[in-house]
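> Coordinates for the following, if possible.
(one chain, ligands or ions: 1)
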Amino acid sequence: MKTPIISLHNVRQIFSGRQVLSIDKLDINHDDIIGLAGPNGSGKSTLLRILAFLDAPSSGTLSFMGAKTSTKPGAVHRQVTLLVQEPYLLKRTVHANVAYGLKVRKKSDITTKVHNALIEVGLDPESFSSRHWFELSGGEAQRVALAARLVLKPKVLLMDEPTASLDAKSATLIRQAALKARTNNGTSLVVASHDLDWLGKVSDRIIHLEHGSIVETS
Ligand SMILES: Nc1ncnc2c1ncn2[C@@H]1O[C@H](COP(=O)(O)OP(=O)(O)OP(=O)(O)O)[C@@H](O)[C@H]1O
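Just a heads-up that it's a prediction; the model follows:
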């Protein structure tokens with residue numbers, strides 16, 4: 001069995017003296033698609049931020065590819081990415097948004113890669129590449145933000161409520177793009193959502209959180 005990409009052991013998160021997360025063990029393996037379900041305040045976003053190495057837990061250990069780490073080293077930074085519920089877009093065109101990470105990493109064939117990433121999320125490159133951030137609907141902006149992450153072919157993509165306030169068609173397109181990322185690039189996914197029907201269609205297993213603890217895995 002391969003080393004998990006991310007492992008959590010006895011992780012606790014305490015905010016203002018209150019424990020909001022308590023996970024004894026959780027492994028994110030290669031090719032996993034894990035759903036996170038649970039009521040408001042059950043700890044889904046808190047867990048995603050820890051898995052993204054954005055917040056260090058109050059206690060417990062966190063490993064990336066078998067090596068213990070609490071901070072976000074450069075290698076992790078490039079390979080683990082979190083798509084938040086209301087993603088920030090650069091105040092530029094769609095093309096510039098999706099190309100940004102590729103330029104920072106000095107990648108080649110940027111135009112082709114941006115073109116393909118937009119197709120993956122169901123946005124026609126001809127009509128969307130030159131549009132500005134303010135000319136997009138909420139669902140389109142969400143998909144541009146997803147394209148900007150998928151184009152970097154991360155090892156792990158974490159998504160917090162990616163379909164909240166989206167219509168059924170956009171939700172389906174996001175699901176298809178997530179599944180394609182695993183098939184084409186071997187990306188593992190962890191997705192928090194209140195839409196259990198959508199989550200069931202995309203996930204291999206669903207972890208149910210309540211009061212910060214895993215109460216069921218289905
Ligand atoms: N920075 C913070 N400081 C203090 N408390 C926090 C902080 N962030 C989250 N919390 C608390 O931690 C608990 C878990 O919050 P979290 O956002 O992880 O839940 P969630 O399952 O993602 O909820 P939702 O479904 O509403 O998005 C909540 O009680 C919340 O109030």
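
> Span of stretch 28-43 from start to end?
End-to-end span of stretch 28-43 (C-alpha to C-alpha, to the nearest Å): 17 Å.

> That stretch and the ligand in contact?
Yes: remark: stretch 28-43 sits within contact range of the ligand at G38, N40, G41, S42, G43, by C-beta under 6 Å from any ligand atom. Glycine gets a C-beta too; all of them are placed from N, C-alpha and C.

> The second one falls within a helix, correct?
No: note on N40: no helix contains this position according to DSSP: H, G, I helix; E, B strand; the rest coil, which reports coil.

> count of residues packed around it?
Neighbourhood size, N40 [other C-beta atoms under 10 Å]: 6.

> quick one, helices of this protein?
44-51, 74-79, 94-104, 110-120, 125-128, 138-150, 168-185, 196-202 (DSSP state H).

> How about K155, nearest residue that isn't a chain neighbour?
Q79 (4.1 Å; C-beta to C-beta, 6 or more residues apart in numbering).

> Likewise for S165?
Nearest to S165 is G138, by C-beta to C-beta, 6+ apart, at 5.9 Å.

> Equivalent analysis for D55, please.
Per C-beta to C-beta, 6+ apart, closest to D55 is R49, 4.4 Å.

> now A181
Per C-beta to C-beta, 6+ apart, closest to A181 is T187, 4.1 Å.

> Quick check: phi and psi at K91.
Dihedral angles of K91 (phi, psi; degrees, to the nearest 10) stand at phi -80, psi 60.

> gap between the residue nearest to Q13 when sequence neighbours are not counted and S59?
Take Q13 and drop its neighbours on the chain: the residue closest to it by C-beta to C-beta, 6+ apart is L21, 3.9 Å away. Distance of L21 to S59, computed by C-beta to C-beta, to the nearest Å: 11 Å.

> For this protein, what lies in contact range of the ligand?
So far as C-beta under 6 Å from any ligand atom goes, the chain lies against the ligand at F15, S16, V20, G38, N40, G41, S42, G43, K44, S45, T46.

> Show me the two of these that sit farthest apart.
S16 and G38 (20.6 Å; C-beta to C-beta).

> Compare those two (neighbour count), which wins?
G38 (22 against 5).

> Quick check: that one touching K44?
Yes: here G38 reaches K44: they are 5.7 Å apart, a contact under C-beta atoms under 8 Å.

> got any ranges where this protein has weak pLDDT?
1, 70-75 (pLDDT under 70).

> which residue ends up closest to the midpoint of it in space?
With distances taken as C-alpha atoms, centre = their mean, L158 lies nearest the centre of the chain, 2.0 Å away.

> which residues touch that one?
Neighbouring residues of L158 by C-beta atoms under 8 Å, 6 or more residues apart in numbering: L48, L51, A52, V80, T81, L82, L83, L189, V190, V191.

> Settle this for me: the residue nearest to S165 is touching L166, isn't it.
Yes: counting by C-beta under 8 Å, G138 does reach L166; the two are 7.0 Å apart.
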